[in-house]
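>>> Sequence and predicted model, in that order:
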Amino acid sequence: MFFNSLLGWEDLDPRYLGGFDFVNCQGLIYHVKEPMLLIEKLASVMRPGATLLMETHVLSEASMQSQFIEGAFWGDATYWWVFGAECLMGMLRSCGFNDVRMPFKADCDSRNPTNPRVTVEGHPAGARAWFLATRS
């Protein structure tokens, strides 16, 4: 089968890609309009027991909430979501992952020189977080 070099996450298909033992998904989920579909696609190309490493922007508080971004976030109009850590971990569990944890979270620059608690658009500045999860 011939693969186009411009494949996107929507093209992930276990029939052609097989199963991976490790998947690294960095800085993508907040750019996806349907984040649960992304997580399901990632799970579909992972073998049972495989590890997912996902990095994303999260709300400062580890809530079960997420925030839909209308307009731009950090000057980027392709941001659609900012997740609470507990919300994202619940999404991962709902898509067949277990042992879901957030081993690292780091504050990040909000790019607002007058108020570091919010972005230039007024959204909560949040943090960067890394999640590990095991495919069931």
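Cool, got the structure.
>>> show me where this protein has helices.
14-17, 35-44, 85-94 (DSSP state H).
>>> Comparing those helices by mean pLDDT, which bottoms out?
Mean pLDDT is lowest for helix 14-17 among these, at a mean of 90.
>>> buried set for that one?
Within helix 14-17, not a single residue qualifies as buried, counting by 16 or more other CB atoms under 10 Å. Heads up, the C-betas are built off the backbone N, CA and C, glycines and all.
>>> Convert the C-alpha atoms of stretch 97-105 to CSV, please.
Taking C-alpha atoms only, stretch 97-105 is exported to CSV below (Å, rounded to 0.1, in the frame of the first residue of the first chain):
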residue,chain,number,x,y,z
PHE,A,97,-6.4,3.4,28.8
ASN,A,98,-5.5,2.5,32.4
ASP,A,99,-2.8,3.5,34.9
VAL,A,100,-3.4,7.0,33.7
ARG,A,101,-1.2,9.6,35.5
MET,A,102,0.3,13.0,35.1
PRO,A,103,4.0,12.6,36.2
PHE,A,104,5.0,16.2,35.3
LYS,A,105,3.4,19.6,35.1
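>>> Give me the residues contacting stretch 71-83.
Applying CB atoms under 8 Å, 6 or more residues apart in numbering, the contact partners of stretch 71-83 are 29-33, 35, 56-59, 66-69, 91, 110-111, 119-121, 123-124, 126.
>>> If any of these are buried, give me the ChimeraX selection for them.
To isolate the buried ones among these in ChimeraX, judged by 16+ other CB under 10 Å, type:
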select :29,30,32,35,56,57,58,59,66,67,69,91,110,119,121,123,126
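>>> Thanks again, I'm all set now.
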